[in-house]
Structure formats: C-alpha cells, structure tokens
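> No letters, just coordinates:
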C-alpha cells in the first residue's frame, strides 16, 4: 500500500481518459476530491520501499511474538464482568435485554481489554458461547475511533441474518450505516456511494475476494478506513472455499491496517493460523479458547452400510423419519442432507406423514430463505431440511 503524498490514503491505478497515461491517484478522490498522485515510475519505486519496510516490520513482530507473547491476558479466575460496565454500546448491554453479566469468555475479553488492544484475535470457544458478542466488542471500539468494520461469513444466509440483527431497532448498531454485499445485491453507483459512507460492511468470503481483487477499477477507497475485519466460521479456510477467503484477506490487509478477528469453534491448526495472521498485518495474535459451553452437547449416531443398494438408502430415510416423528413436537428439528435431490425427497416423504416441513437450499431466493428461517425460529415450522446453506453460523 503506497500512501497518497497529500492525505496518506492508499493510491490506486488510474488511466487518463484522453492520453491513456497510467498513473496512481488517491483512493479518496471520489470522497474528498484529494488529487494527490504519483507517476508510474515513482509509484513502483515507492512500492518497493513500502514492501521492504513491511517485511522488516512483520519480521520484527514475529520475532517478538515468539520471544514474548503479547499481550499477556490474565488467566480466567471465574469472575464475571457486568455488561453495564462495558464502555461501548453492544447488543448485550442494552436496557431491557436482561443480561446482567457477560459469560466467562466474554468476561475474559472485557477484563483483559482485548477489544481495545492492537492485536488480532482467534476466538475458538464452543458453539453458542457468544462469539458474536465478543466480535461486537471489537467492532464497537473501532466505531468509537471513527473507523469502519467489516464482517465476513461463508454463507449468504449467515451474512443476511447478521445484517437484519444489527439493523433491528433494538440493537445499538442500527443507528450506524450498514451495507450488505452478497451475490443477491448489485454493485452499482448507489451501492458504491453507500460503501464510501458505511460504518459496517457485511459480506461473504467470495465477495471479500472479489472486492479486494477489483479494488482499483471499482474505486473501493473505503477499504483504507477499515479498522477491524471479523471472519465468522473461520474454519472455512480448510475447505474448498478457503482459497477465496485466504487470498481475499491477504489483498485486503495490504490496503488497510485492520485488526483481524477469527471466530470458529472447530479451527484445527490454531498455531499456524496465529503466525499467518501476524504475517498479514504485523500485529501479535491472541487466542481465546475457554471451554465454557452454555448447553450440554449430547451426540448420538446411527451406523449404516454404505453401498449402492436402494434398500440401504430406504433404511436411512426410514431412520430419519423415525427420529423426526419422535422429536418434531418437542422442539425444532433440523435435518441436513448432502444433495438437493435427497432434500426434496425427504421433504416429500415427511409431508406424506402429515409433518409440516420445508427444504432450504441455495436455489431459493433471498426472500424465500428469510421467510423459511423466520418460521423455523418461531417454531411455526417444526421441521426444516437443509443443504449446507444453514450449516455455518446461523442462529436457529
């Protein structure tokens, strides 16, 4: 990232309309009309110097983090922090919410002021341990500093859910300017203007990859003002969708000095990821891995013979049918399937049994998906069959 000689914002590649001359202009030109620029030769020379300085900074940061972990959070001693004592407005400390204390992992963040420190965070606490609230602590701090935050998730359903949660009038983030970017939304002139003014940008990992790759041609100067990037369900890095997130983060952090917050209950190679995050922005990386869980997790499994025998397949369907018939009246029942064909067949089978159910998949429009999710949350819909569109991070 080469800074503008006038205002310090990043420079981006431009082409003069009449002469077709290539030069590098300020990314804030369309916001502030700053006309700082460098010729191509000067830019390349400056880029070389910046790259050398960045390598030295990251090398020093890695050496320091290996020699002495920083910051050094105090061990959790069982003391809970009061939500009313937290200095910034987030979802849990609003009047009428009824949450008097942060839970243990959240208290760990608050007591060690990890939301304030210039470090990356890897939060690997169990499912339903309030990781989103911990991310909100970091986001609220950046908003107070006048910087914007980016929230990244692997699925459109998760991104949309978080957007509607944070724009709900009861949440303090609803008073901020939020913009959502998924494949359901077009990036036109209006959306570019909204991004330039946004406080919080919510996007999928593929959109992060696309926006950082097309940074110059789409005039995404808003990236320079990002103070924190929150990556939900960060174990996506280990899947076939991981490269888009990995490359997107690498490009994104070249254009801003943002903290990175990873949220995942199942991230396997934490130590490797810690070193990688530090190499991206030169900041030390702290892991929050308290094992506290609000609800006991019980697992059961039914073995079956894997073969192409149709009878075995019918036995699997019948096993699911028996489980759903036994539990669908006592609470929400969520059934995951590997293919859309299997999902449709299972939905039709359960409907023949008189069970109210729907099938959720990527082929549905965003309004239809949102309606089905809302009905399942309210238990108006007792049974929901889904592909992996609901497998990560949705609160159902």
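Perfect, thanks for sending it. The model shown is predicted, which means the values in this text are computed figures rather than measured ones. Residues are numbered from 1 along each chain as shown.
> show me where the stretch 201-350 of the chain has helices.
According to DSSP state H, counting those that start in this stretch, the stretch 201-350 of the chain carries its helices in the segments 205-213, 242-252, 270-281, 310-327, 340-352.
> Residue 232: which of those helices is closest?
Of all the helices of the stretch 201-350 of the chain, helix 205-213 sits nearest to residue 232, with 9.5 Å by CB to CB. The way it works is simple: take the backbone N, C-alpha and C, and place the C-beta from them, glycine included.
> Any chance you could list what contacts the closest one?
The contact list for helix 205-213 (CB atoms under 8 Å, 6 or more residues apart in numbering) reads 150, 152-154, 181-183, 203, 218, 220, 223, 231, 236, 241, 244-245, 247-249, 251-252, 255.
> Tell me how far that helix lies from the chain's centre.
13 Å (CA atoms, centre = their mean, to the nearest Å).
> tell me the domain ranges of the chain?
The chain breaks down by automatic domain parsing into domains covering 1-68, 73-288, 310-390.
> which of the contacts of helix 205-213 count as buried?
Among those, those classed as buried by 16 or more other CB atoms under 10 Å are 150, 152-154, 181-182, 203, 220, 223, 231, 236, 241, 244-245, 248-249, 252, 255.
> can you put the helices of the stretch 201-350 of the chain in CSV and add mean pLDDT?
Shown next, in CSV, are the helices of the stretch 201-350 of the chain (pLDDT from 0 to 100):
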stretch, mean pLDDT
helix 205-213, 83
helix 242-252, 87
helix 270-281, 91
helix 310-327, 77
helix 340-352, 90
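> between those, which gets nearest to residue 119?
Closest to residue 119 of the helices of the stretch 201-350 of the chain, according to CB to CB: helix 270-281, at 9.1 Å.
> just the helices in the stretch 1-150 of the chain please.
Using DSSP H, counting those that start in this stretch, helices in the stretch 1-150 of the chain cover 29-32, 40-67, 104-111, 131-144.
> hey, least reliable of the ones you listed by pLDDT?
The weakest mean pLDDT among the helices of the stretch 1-150 of the chain belongs to helix 40-67, with a mean of 61.
> From what I see, residue 285 and residue 271 are in contact.
No. Counting by CB atoms under 8 Å, residue 285 stays clear of residue 271, with 9.8 Å between them.
> Neighbour count for those two, which is higher?
Legend: neighbour count by other CB atoms under 10 Å for residue 285 and residue 271, higher for residue 285 (26 against 10).
> and that one, what are its bridge partners?
Under DSSP bridges, the beta-bridge partners of residue 285 are residue 120.
> who's in contact with it?
Going by CB under 8 Å, 6+ apart, residue 285 touches 65, 119-122, 260, 273-275, 277-278.
> Equivalent analysis for residue 170, please.
Applying CB under 8 Å, 6+ apart, the residues near residue 170 are 94, 96.
> try 10 Å this time
By CB atoms under 10 Å, 6 or more residues apart in numbering, the contact list for residue 170 reads 91, 94-97.
> can I assume residue 176 is in contact with residue 144?
No. With contact defined as CB atoms under 10 Å, residue 176 does not reach residue 144; the gap is 11.1 Å.
> which one of these two has more residues nearby?
Set residue 176 next to residue 144 and count neighbours by other CB under 10 Å: residue 176 wins out with 17 against 13.
> re the thing from before, ranking the domains of the chain by burial, who's on top?
domain 73-288 (a mean of 19; mean count of other CB atoms under 10 Å).
> so where's the stretch 101-250 of the chain uncertain?
In the predicted model of the stretch 101-250 of the chain, residues 183-187, 214-220 satisfy pLDDT under 70.
> Now do the same contact list for residue 6.
Residues near residue 6 by CB under 10 Å, 6+ apart: 26, 28, 32, 34-37.
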